[in-house]
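Chemist: Turn this into a structure:
(one chain, ligands or ions: 1)
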Amino acid sequence: MRYLILSDIHSNREALAAVMSHVRRKHWDKALVLGDVVGYGANPNQAVESVRKLKAIVAIRGNHDKVCSGIETGEMFNRVALQAALWTRKKLTPSNLRWLQGLPEGPVIVDGQFAIAHGTPIDEDAYIFGEIEALNVFRQTAFPLCFFGHSHFPVIFGLSPDAIQTVLTNGSAFRFRLEPGVRYLVNPGSIGQPRDGNPLASYAIFDSDTRTVTISRVPYPVERAQEKILDAGLPRPLADRLALGR
Ligand SMILES: [Fe+2]
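Modeler: Okay, here's the model as predicted:
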């Protein structure tokens, strides 16, 4: 089974379209969406509708999905994020708003094999930035493999019996074979707002037969997404950061 793993799309229609075009000729069976379909970007309805159209999808909510759909007030958000979330809430169609409100909280177990979570499988709003957070999650859970998002950069943490290892990739198509006896936390990176200094959209494909994760980076018309953010009256830093990838 091949899983297409999409995370942190953040209403970026251009980035999502580029990723979907990149995978058009690749074989995949099921799409997994790790949350934050909306928030920040200028095309929330298009982002939700593109995701809803995917065949065989398992999706969970992210922190921005909660605030944008009114499940939470966003009191923990910074000013720019909250302004974008309230703008998004007004723009969403009733149907797309309801779809976002209905997204389940992670972790969700996929096909009895592995988990997906937004921030961490313990707390959907918490971040895994480095090995200390990863180790904490490994200690408090038993999942052999969990895909997560929220931190907006592609990374693989592996826990073997006596060490934890981090694999950070900056390649355009990085292939990683999961080793037996090692537990993994894998972030496919962000489609709509990468934060590792690389502005290219990031996504992953996981082949559960060969136990291989491929993380790909895809160029997209960043300027177009920026123009739309500014035209919508959303805060300028949201446009600026797309070109910087942070
Ligand atoms: Fe996010």
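
Chemist: all contacts plus neighbour counts: C-alpha atoms, from now on.
Modeler: OK.

Chemist: What are the contacting residues of stretch 8-20?
Modeler: For stretch 8-20, the external contacting residues (C-alpha atoms under 8 Å, 6 or more residues apart in numbering) are 34-48, 149-150, 152, 189-193, 201-203, 218-222, 224-225.

Chemist: typo on my end, it should be stretch 115-135
Modeler: The set of residues external to stretch 115-135 that reach it, using C-alpha under 8 Å, 6+ apart, is 32, 34-35, 60-63, 105-110, 137, 140-141, 143, 145-151, 157, 159, 164-166, 185.

Chemist: which parts of it are buried?
Modeler: Counting neighbours by 16 or more other C-alpha atoms under 10 Å, one finds that the buried residues in stretch 115-135 are 115-122, 124, 127-128, 134-135.

Chemist: Is it possible to get TSV of the residues you listed that adds distance to S208 and pLDDT?
Modeler: Written out in TSV, the entries for these read as follows (distance: C-alpha to C-alpha, whole Å; pLDDT from 0 to 100):
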residue	distance to S208	pLDDT
A115	13	98
I116	14	98
A117	18	98
H118	20	98
G119	22	98
T120	21	98
P121	20	98
I122	24	98
E124	24	98
Y127	26	98
I128	23	98
A134	22	98
L135	24	97
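
Chemist: contact partners of the longest helix anywhere in the chain?
Modeler: As assigned by DSSP state H, the longest helix anywhere in the chain is helix 79-91. Judged by C-alpha under 8 Å, 6+ apart, the contacts made with helix 79-91 from elsewhere in the structure are 38-41, 44-45, 64, 67-70, 74, 97, 234-235, 237-238.

Chemist: Which residues of the chain lie near the ion?
Modeler: Proximity of the chain to the ion, by C-alpha under 5 Å from the ion, involves residues D8, H150.

Chemist: Name the spans of this structure whose pLDDT lies under the cut-off.
Modeler: Applying pLDDT under 70 to the chain picks out no residues at all.

Chemist: Quick one: the strands in it, in order.
Modeler: Assigned by DSSP state E, the chain shows strands spanning 2-6, 30-33, 57-59, 108-110, 114-116, 145-147, 155-160, 163-168, 173-177, 183-187, 201-207, 212-218.

Chemist: Partner strands of the fourth one, with direction?
Modeler: Pointing back at strand 108-110 there. Each strand paired with strand 108-110, and its direction, by DSSP bridges: strand 114-116 (antiparallel).

Chemist: go on, the third one?
Modeler: The partner list of strand 57-59 in its sheet, established with DSSP bridges, is strand 30-33 (parallel).

Chemist: Which among the contacts of stretch 115-135 count as buried?
Modeler: The buried subset of the contacts of stretch 115-135 - by 16+ other C-alpha under 10 Å - is 32, 34-35, 60-63, 105-108, 137, 143, 145-151, 157, 159, 164, 166, 185.

Chemist: which residue sits closest to Y40, ignoring its sequence neighbours?
Modeler: A84 (5.2 Å; C-alpha to C-alpha, 6 or more residues apart in numbering).

Chemist: Let me know whether I57 touches V33 as I believe.
Modeler: Yes: A contact is recorded between I57 and V33 when judged using C-alpha atoms under 8 Å, the distance being 7.4 Å.

Chemist: The two: which is more packed in?
Modeler: Regarding I57 and V33, a neighbour count based on other C-alpha atoms under 10 Å identifies V33 as having more, with 26 against 17.

Chemist: Adding distance to L244, write the buried residues of stretch 115-135 out as TSV.
Modeler: Written out in TSV, the entries for these read as follows (distance: C-alpha to C-alpha, whole Å):
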residue	distance to L244
A115	31
I116	28
A117	26
H118	23
G119	23
T120	26
P121	29
I122	31
E124	26
Y127	21
I128	22
A134	26
L135	30
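
Chemist: Do I have it right that G106 meets I60?
Modeler: Yes: with contact defined as C-alpha under 8 Å, G106 counts as touching I60 (5.9 Å).
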